[in-house]
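A.B. asks: I would like to see how this sequence folds:
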Amino acid sequence: MTQSSRSSLIASLDDTVIGRRREVELVVAALDADRHVLLEGPPGTGKSTLLRAVAEGLGIGFVFVEGNAELTPARLVGHFDPARVLTDGYDPDVFVDGPLVTAMRDGSLLYVEEINRIPEETLNVLITVMSEGELNVPRYGRVAASSGFRLVAAMNPFDAVGTARISGAVYDRVCRVSVGYQNAEVEQRIAGRGMKNLPDGWLDKVVELVRRTRTHSDLRVGSSVRGAIDMTAVTVSLASVRSLTVLDAGVGLDAALVALSGRVRVREGSVRTAEDIITELWNEVFAPAPQGESGKASAPVGATH
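C.D. replies: Below is the predicted model:
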């Protein structure tokens, strides 16, 4: 890929992957250098969107695999059709390609989402392919990776529920790009995309509320920008349903509870509920107590919990 084509591609992705110019540059450079790539960061930071957009922009095939505990080596690599084995034996034509073999044959990107949720034996298969560029399948034979094949993977931090540590053998074979939360201005652009006639300053408060969930002492996991996107859309819709405006307190709090209470995770041992904490944060941002007045504002009249 020439310098001008790389620059054009990166510029063309600015509207698709908002506020991720540096990360897009790093991923494009790593793939152009024929390297495997791992994006690591919290949920909802646009890892999948970034990788899909780059693959599409490069015109590269994209084979998707959802990472979970059920992703066995057989599901990743492929298997012999049991019914046909009874009649034809272990003939190569009886083999059903899995996503790994498909990507290797086609020279495509194999995208593994949440790679740190898959079993260790499945990870070992990927390590072999990354190291050797080929795979030996029992009773089938050798499968060589075509030019262009790369592994691209995304993972949440190790301390997220259901995740495991990735071995040093994986890290040693990939180029790692750390992806954090965007700044408030970028999150406002994302949350407000497609929305019209929002009151001045209102979207700023929506994003501020969501960002506060990430640092609240009673929350182990805060909301991603998806929470701000949903809170914005639900508030606008709920205001229409109730023939009110987005500035109505009952509309705003109910929308916040719907959009955010399921996304946050309360710390073990806390006596508070997600609804309690979202209500507290909503009041702090949207209905702060007058200066000099002690205590927290109460939930707005008409709000449901």
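
A.B. asks: and the longest helix belonging to the chain, how far from the chain's centre?
C.D. replies: Taking DSSP state H as the assignment, the helix of the chain that covers the most residues is helix 225-241. With C-alpha atoms, centre = their mean, to the nearest Å as the basis, helix 225-241 stands 20 Å off its chain's centre.

A.B. asks: packing partners for that helix?
C.D. replies: When contacts are defined as 3 or more C-beta pairs under 8 Å, 6 or more residues apart in numbering; DSSP states H and E, helix 225-241 packs onto helix 184-191, helix 202-212, helix 249-260. The way it works is simple: take the backbone N, C-alpha and C, and place the C-beta from them, glycine included.

A.B. asks: wait, which of those helices is closest to residue 138?
C.D. replies: helix 184-191 (46.8 Å; C-beta to C-beta).

A.B. asks: let me see the mean pLDDT of that closest one.
C.D. replies: Mean pLDDT, helix 184-191: 94.

A.B. asks: for stretch 79-93, same thing?
C.D. replies: 88.

A.B. asks: and the end-to-end length of that stretch?
C.D. replies: By C-alpha to C-alpha, to the nearest Å, the extent of stretch 79-93 from end to end equals 11 Å.

A.B. asks: swap in stretch 216-236?
C.D. replies: Note: stretch 216-236 ends 26 Å apart using C-alpha to C-alpha.

A.B. asks: hang on, the earlier thing: now the helices and strands packed on helix 225-241 in CSV, with mean neighbour count?
C.D. replies: Putting these into CSV (neighbours: other C-beta atoms under 10 Å) gives the following:
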stretch, mean neighbour count
helix 184-191, 17
helix 202-212, 21
helix 249-260, 22
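
A.B. asks: who wins for proximity to residue 151 among those helices?
C.D. replies: helix 184-191 (27.7 Å).

A.B. asks: so which elements touch the closest one?
C.D. replies: Helix 184-191 sits against helix 202-212, helix 225-241, with contacts defined as 3+ C-beta pairs under 8 Å, 6+ apart.

A.B. asks: still on that earlier bit, could I get the helices and strands packed on helix 225-241 as JSON lines with distance to residue 139?
C.D. replies: Converted to JSON lines, those look like this (distance: least, C-beta to C-beta, whole Å):
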{"stretch": "helix 184-191", "distance to residue 139": "49"}
{"stretch": "helix 202-212", "distance to residue 139": "52"}
{"stretch": "helix 249-260", "distance to residue 139": "51"}
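
A.B. asks: closest one to residue 59 among the helices and strands packed on helix 184-191?
C.D. replies: helix 225-241 (28.4 Å).

A.B. asks: which parts of that closest one are buried?
C.D. replies: Buried residues in helix 225-241, counting neighbours by 16 or more other C-beta atoms under 10 Å, are found at 225-232, 234-236, 238-239.

A.B. asks: with stretch 7-25 instead?
C.D. replies: Neighbour counts over stretch 7-25 (16+ other C-beta under 10 Å) mark 9-10, 13, 16-20, 23-25 as buried.

A.B. asks: ok, now stretch 31-51?
C.D. replies: By neighbour count on 16+ other C-beta under 10 Å, the buried set for stretch 31-51 is 31, 35-42, 44-47, 50-51.

A.B. asks: would you map the strands across this structure?
C.D. replies: 37-40, 62-66, 78-80, 95-97, 109-113, 134-137, 141-144, 150-155, 175-178, 219-221, 265-266 (DSSP state E).

A.B. asks: put together JSON lines for these, with distance to residue 211 on each row.
C.D. replies: As requested, the strands of the chain are arranged in JSON lines below (distance: least, C-beta to C-beta, whole Å):
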{"stretch": "strand 37-40", "distance to residue 211": "21"}
{"stretch": "strand 62-66", "distance to residue 211": "28"}
{"stretch": "strand 78-80", "distance to residue 211": "44"}
{"stretch": "strand 95-97", "distance to residue 211": "44"}
{"stretch": "strand 109-113", "distance to residue 211": "25"}
{"stretch": "strand 134-137", "distance to residue 211": "44"}
{"stretch": "strand 141-144", "distance to residue 211": "46"}
{"stretch": "strand 150-155", "distance to residue 211": "22"}
{"stretch": "strand 175-178", "distance to residue 211": "19"}
{"stretch": "strand 219-221", "distance to residue 211": "12"}
{"stretch": "strand 265-266", "distance to residue 211": "16"}
